[in-house]
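Student: Sequence and computational prediction follow.
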Amino acid sequence: SMMDKRMLDLRVTVSYSTDLAFAKSVLESVVTSADTMLRDEPSNVFVSELQDSAIELGARIWVKNEDYWNTKWQLTEEIKTAFDKNNIEIPFPQMDVNIQTGA
C-alpha cells in the first residue's frame, strides 16, 4: 500500500438468539483495546448482515501497515475468547437431513 496505514475489517457471526447490543459491546471492547489501533482514526462496530442462520457483526479499526496481520490474528483470537467467556455463540453451518423409509 502507498499509505502508511490500513483499515482492518473484521467479521464475526453470532446466533439469532444473541443480545446484539451486548455482543457489539464485547466486540468493541476487544477491538478498541488493541495497542496497535490508531486512536486518531475512526473505529466502528456494526451489524453487517442478516444471514440465513447467523447475524454477521463487523468491526473496523485503522492500524499501521506493518501491524496489520499481527493485529488481525491477535484480535481474531481475542474475539473468540471474549465471546466464549461471555457465552456469545458463534454459530457454524448446519444442515438437518430427514430420511424417509418405507413404501
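Tutor: Cool, the structure landed. Numbering: from 1, shown residues only.
Student: for this protein, what spans make up the strands?
Tutor: For the chain, strands defined by DSSP state E occupy the ranges 5-14, 44-50, 55-64.
Student: Ser29 against Ala82, yeah?
Tutor: Yes. The pair Ser29 / Ala82 is scored as a contact, 7.4 Å apart, by C-beta atoms under 8 Å. Where C-beta positions appear, they are placed from N, C-alpha and C, glycine not excepted.
Student: okay, the two: which has more neighbours?
Tutor: Ala82 (18 against 13; other C-beta atoms under 10 Å).
Student: how much space is there between that one and Arg11?
Tutor: Using C-beta to C-beta, to the nearest Å, Ala82 is found at 15 Å from Arg11.
Student: which stretches of this protein aren't confidently modelled?
Tutor: 1, 95, 103 (pLDDT under 70).
Student: need the longest helix for it.
Tutor: Secondary structure of the chain per DSSP state H: the longest helix is helix 68-85.
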